[in-house]
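Student: Just to be clear, the model below is a prediction. Sequence and coordinates:
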Protein chains: 2
Amino acid sequence: MRGLMMDMPLSIPALLRRAESVHPHKAIVSRLVDRSVMRTTYAETLDGARRLAAALRALGVQPGDRVATFCWNHVPHLHAYYGIPASGAILHTLNIRLHAEELAYIVTHADDAVIIVDKVLWPVFEPVRARIGHRRIIVISDDHDIPPGTLHYGDLLAAQDDAPPFEDMDEHTGAVLCYTSGTTGRSKGVLYSHRALVLHSFAEALPDMLDLAEASRVLAVVPMFHANAWGLPFACALVGATQILPGPYLDAASIVSLLESERVTHTAGVPTIAHALLAHLDQHPGHDLSALRLMLVGGAAMPETTIRAFDDRHGVKVIHAWGMTETAPLGTISRVPSELADAPADEQYAWRATQGRPGPFVEVRARAEDGALVPWDDQAMGELEVRGPWVASAYYPGDDAPDRWTDDGWFRTGDIVTIEKTGRLTIHDRAKDLVKSGGEWISTVTLEAVLLEHEAIAEVVVIAVPHERWGERPLALVVATPGCRPTLPDVRQHLDGRVARWWYPDAVEVVDSLPRTGVGKYQKHRLREIYRDYFEESAPQ
Amino acid sequence: MRGLMMDMPLSIPALLRRAESVHPHKAIVSRLVDRSVMRTTYAETLDGARRLAAALRALGVQPGDRVATFCWNHVPHLHAYYGIPASGAILHTLNIRLHAEELAYIVTHADDAVIIVDKVLWPVFEPVRARIGHRRIIVISDDHDIPPGTLHYGDLLAAQDDAPPFEDMDEHTGAVLCYTSGTTGRSKGVLYSHRALVLHSFAEALPDMLDLAEASRVLAVVPMFHANAWGLPFACALVGATQILPGPYLDAASIVSLLESERVTHTAGVPTIAHALLAHLDQHPGHDLSALRLMLVGGAAMPETTIRAFDDRHGVKVIHAWGMTETAPLGTISRVPSELADAPADEQYAWRATQGRPGPFVEVRARAEDGALVPWDDQAMGELEVRGPWVASAYYPGDDAPDRWTDDGWFRTGDIVTIEKTGRLTIHDRAKDLVKSGGEWISTVTLEAVLLEHEAIAEVVVIAVPHERWGERPLALVVATPGCRPTLPDVRQHLDGRVARWWYPDAVEVVDSLPRTGVGKYQKHRLREIYRDYFEESAPQ
């Protein structure tokens, strides 16, 4: 028997109608290219969003068409976040940090009808444009000096005085497209539905997740071209939170200055950003961050020492989370459960350094190499599988990757984890980065974390290298701190008592630098290629 | 273009799977009939829910069948809340306070297959049973002394050792049925879907709504036979909050003792309960309610003086909300917006005494008698209309009431309201209770609130009585405080400067008592019948 409830779709237009009616006066704050800080409101921002939707329609954009952005975090990018899905078209956020070749592939694969580009990013975009054939380009620029053949963003919006209100649509309609920039292979597109993004917003705002309220003041350092800026533009609009947008200035000094002057309550970014903020705060004490209640860190593991350092030295609470582009992205979050509220600090920090527990309606399980499910009370590692209403069911058409989904429909994350009782997740490695030595797994992530504590080591990557006897053995590639040159005996001594002896790297190579991907992750795949014959060559003849 | 996200239903089984896996150890606390306090866990409670589902299946209950409860707030009632919807059947909560005649009508109308009854309520249920033909009755009893022809709840559950896990189902499936006990006419059934209850849980837990977290300790004084206990059993399970169930003991002393001993953080009830708690706390000072962060009050208007009294005298924060059985029930909530955080106390209290603003995805509008929409920046009154994913689209089959829905699908609440800018709602009256005098509306609710402040008036109801010249005029029916006998001149003097002169009642009748409905509301409809000729008879001959 069917319930007798209204069939109201979980659509972004419905979410925006609420922001427009209940929170029209709430602030949106944005740092401009000239470093000045501009203040506007939800009402004005949503007016811009409706104008953009109308302008795109006038350009011939149809429901389902892809409209790409190549932008920093600022108000026009919010117009696009809100107006493009609300118009029935699909917002496609391009990662400005990828190589032009890869970006051209992505634009062509998604077949973007229109691309909206920041004028300050034109030098980065130009080589992409040369590779994507004829597509409409709209340029966001304070002046009218824009490249030939492009349209002026401000002019287009100014012409739309009769933009219609936000109208509902089927909640399963595609809303946002985001390509994962994996460390191997071609980027693949994840197409979020309106329903997924609305549900993600509800979950994200919950007290045990990000705890977002009307009174919150949120600065997403995470770029709006990374996995929906972790859903924050939508979650903030849902609850009416103030948004603070950093524009192109993501350096620690600029961010800290906004955190302080705007009395930010919530911020979010990858560990690299967190480490930069920590260093800046250490070097420039005296900032008043008393309003800051939560710094969400995800995208890679955050060492416990950094979480402690923020607490101890700056009174800033770091919350660790795990997610992927394929999970919209919020999967798990590491909130200390209430039964540990009075536990010793060490125990609480150990908790906070894990990836935590799944959010509501996110279900997790781990599967061993033989396909058996790993029980939650076990210490055995397995590959993390996940399902939920905001988890991808497939990649954008043309990129079949059926091996990423199980026969019963769970997404295979490629992360090697343990799951403890009550769902506490610890990520030990990416499946493809593990060292498989004598049939046992060695976590390169764990080795790297321990090695980083050595004073002679500034950066380190541990990779699996083929080995005649053991199958694979770990090799540590190290960037030394100035004036140091760590050796294998140094490293082995440092590891004594910290990890199992058979985990010790067989060799240490000191290098000048380590290659990174467009999103700042180490290119382990490439390093494995370069060093694939290392143990063969160095073996005694 | 359709999004590429997993099609995971918003089902109660999915919600319960999370509680069972992530929060199995969290506590459920319940006061038993013998007044002792029993402690159990989500794991055990959900085991009971699965056993109940299996036991009902064994009795022949099919998906879609109605299974009724006639129970207080306790653990077996939670089994029913969770296990019946999870089995695909429909939980039908019967209001134990209705007249046997009305209950028999409801049971017959819903065609309940099974009724689960508290043994302590058997004397109340027996006259119902005589009127509903043969239906299976299950009795919850600590001993085996149960009425002939009934089944023993504990025995049925004990027999189900292999109850299957919770399996998903279509989210639009009916889950819970609750009849509104209106003040006029027959009760009508509202059939909540799984989707509606899950979304209501997400919304209810948000920081600006009830702010429910894993660490919360929640005592619903509102009975589980009133509008899903305001959704708390589901919202608590979603976030893993501890639940404290008062059993049959709803007197102020018993509730206060649980609030204190269980360090309750959130409680919820109607104004009658709030007033009783306030009186008890005033008379018995010294209780430690420092854990109590929020007392949600809804179901009727809460005077500002009571909200202040809780703050000033007991440090308890009362939050005002509005909802109906037809809205699952959470519609609006009165949280002071952040821009008033530093406003004078009077301004904040005035805010908190309104019904507040709509929750996410609840949309409100008001319509004047001529059908025109009332603008939000206006002071004009209109009938409140509402829509959203947890608002009823129709009553249970057999009770068509098409006049309750507009042509464009909004629910007509029958409440007369003003809506201010940014959606702040104030309820002035029920449409059917308004006095229409000379073409203008007089709010009986406002008159009653002001009259209640007169020291000679213990209770008061103002009703519309037909009047030759004005159409209708107000009549005040008053229960006097002991030793007093308020007169019309007293009342008129009290109203001077407080309401418009043409609002003054034309007459005051002192009565011994005022009739109430099964849910404790005054039977204004009945009083209007009794006094319909009042002004005719008392008019000068």
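Tutor: Nice, thanks for sending it over.

Student: does A:L296 really touch A:W230, like I thought?
Tutor: Yes. The pair A:L296 / A:W230 is scored as a contact, 7.3 Å apart, by CB atoms under 8 Å. From N, CA and C alone the C-beta is placed, and that goes for glycine too.

Student: which residues do these two both contact?
Tutor: By CB atoms under 8 Å, 6 or more residues apart in numbering or on different chains, A:L296 and A:W230 have these common neighbours: A:A268.

Student: Need phi/psi at the nearest residue to A:D142 once chain neighbours are set aside.
Tutor: Ranked by CB to CB, 6 or more residues apart in numbering or on different chains and with sequence neighbours excluded, the top spatial neighbour of A:D142 is A:V33, at 7.2 Å. Torsion angles at A:V33 (phi, psi; degrees, to the nearest 10) stand at phi -60, psi -30.

Student: pLDDT below threshold where in chain A?
Tutor: A:182-185, A:519, A:537-541 (pLDDT under 70).

Student: rerun at 80
Tutor: A:181-185, A:300-301, A:377-379, A:398-400, A:402, A:439-441, A:517-521, A:537-541 (pLDDT under 80).

Student: Domain ranges for it, per the record?
Tutor: Domain segmentation of chain A under automatic domain parsing yields A:362-392+A:401-430, A:434-538.

Student: most tightly surrounded among these?
Tutor: domain A:362-392+A:401-430 (a mean of 18; mean count of other CB atoms under 10 Å in any protein chain shown).

Student: just how off-centre is that one within its chain?
Tutor: Mean-position distance between domain A:362-392+A:401-430 and its chain equals 19 Å (CA atoms, centre = their mean, to the nearest Å).

Student: what does stretch A:200-211 give?
Tutor: 16 Å.

Student: same question, stretch A:335-343
Tutor: Centre to centre, stretch against its chain (CA atoms, centre = their mean), the figure for stretch A:335-343 is 27 Å.

Student: Check the secondary structure at A:T332 for me.
Tutor: Judged by DSSP: H, G, I helix; E, B strand; the rest coil, the three-state class of A:T332 is strand.

Student: so it sits right up against A:L425, yeah?
Tutor: Yes. Under the criterion of CB under 8 Å, A:T332 makes contact with A:L425 at 5.2 Å.

Student: shared neighbours of those two, anything?
Tutor: A:W322, A:Q355, A:G356, A:R357, A:P358, A:V364.

Student: quick one: contacts for the last one?
Tutor: In other words, A:V364. A:V364 touches A:G331, A:T332, A:P358, A:L384, A:E385, A:V386, A:I419, A:G423, A:L425, counting by CB under 8 Å, 6+ apart.

Student: between the residues you listed, which is closest to chain B?
Tutor: Nearest to chain B out of these is A:G423 (CB to the nearest CB; 4.6 Å).

Student: before we move on, the earlier item: mind checking which of the contacts of A:V364 land in strands?
Tutor: Here DSSP state E is the test, and the contacts of A:V364 give A:G331, A:T332, A:P358, A:L384, A:E385, A:V386, A:I419, A:L425 as lying in strands.

Student: longest helix anywhere in chain A?
Tutor: helix A:42-58 (DSSP state H).

Student: Show me what from the stretch 401-541 of chain A comes close to chain B.
Tutor: Contact residues, the stretch 401-541 of chain A versus chain B (CB under 8 Å from any CB of the partner chain): A:G409, A:F411, A:T422, A:G423.

Student: 10 Å instead?
Tutor: Contacts of the stretch 401-541 of chain A with chain B, taken as CB under 10 Å from any CB of the partner chain, map to A:W405, A:G409, A:W410, A:F411, A:I419, A:K421, A:T422, A:G423, A:R424.

Student: May I see those residues arranged in CSV, with distance to A:F125 as well?
Tutor: Converted to CSV, these look like this (distance: CB to CB, whole Å):
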residue, distance to A:F125
A:W405, 34
A:G409, 38
A:W410, 38
A:F411, 32
A:I419, 43
A:K421, 50
A:T422, 47
A:G423, 43
A:R424, 43
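
Student: And the residues you listed, which is closest to chain B?
Tutor: A:G423 (4.6 Å).

Student: For burial, what's the neighbour tally of the closest residue to A:I146 other than its chain neighbours?
Tutor: Once flanking residues are discounted, A:I146 sits nearest to A:V139: 4.3 Å by CB to CB, 6+ apart. Neighbour count for A:V139, taken as other CB atoms under 10 Å in any protein chain shown: 22.
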